[in-house]
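# Here is the input, now give the coordinates:
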Amino acid sequence: MTIWRSTVGKKALVAASGLLLCLWVIAHVAGNLTVFSGAAAADGYAASLRRAPAALWAVRIGLLVAAVVHIAGVVSLTRADRAARPRHEAHGPRASTWAARTMRVGGALLLAFVIFH
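As a prediction, the model looks like this:
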């Protein structure tokens, strides 16, 4: 809890949870790519997942915790940033790059895709 109260700690938790989520996406895509190796490879991958239900549930719970920490951290950091320096519309957006300006929209779209998927 001490880490969560610190802005730097919260940023570290957001970064770590984002890295975990990113690594899971890479592993998920790699697993799904076994389809292109033939039906036997895809069936073997699916069977290996079914043989370890405890590990599968541990990963699912870990991903859920990482997603909650990531989203709650980003929302909390954004609120703290806005409270510290209120922005006036006359000055325009503070973000300097296209990626920084569109990160909230991209995150919301990614969350919607994950829920749909």
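
# In contact with the residue nearest to G44 when sequence neighbours are not counted, which residues?
What sits nearest to G44 in space, not counting adjacent residues and going by C-beta to C-beta, 6 or more residues apart in numbering, is T34, at 7.6 Å. Glycine gets a C-beta too; all of them are placed from N, C-alpha and C. Counting by C-beta atoms under 8 Å, 6 or more residues apart in numbering, T34 touches A41, A42, G44, Y45.

# Need those in CSV (columns: secondary structure and neighbour count).
Output for the contacts of T34, formatted as CSV (DSSP: H, G, I helix; E, B strand; the rest coil; neighbours: other C-beta atoms under 10 Å):
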residue, secondary structure, neighbour count
A41, helix, 13
A42, helix, 16
G44, helix, 13
Y45, helix, 16
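
# need the helix or strand of this structure with the lowest average pLDDT.
helix 98-101 (a mean of 79; mean pLDDT, DSSP states H and E).

# Show me how far the helix or strand following that helix is from its chain's centre.
Next helix or strand after helix 98-101 toward the C-terminus (DSSP states H and E): helix 103-116. Taking the mean of its C-alpha atoms, helix 103-116 sits 9 Å from the chain's own mean (C-alpha atoms, centre = their mean, to the nearest Å).

# Pull the residues that contact helix 103-116.
Counting by C-beta under 8 Å, 6+ apart, A67, I71, V74, T78, A95 sit against helix 103-116.

# surely the first one meets S17?
Yes. Proximity of A67 to S17 meets the contact threshold set by C-beta atoms under 8 Å, at 7.4 Å.

# And those two? Which one has more around it.
S17 (22 against 17; other C-beta atoms under 10 Å).
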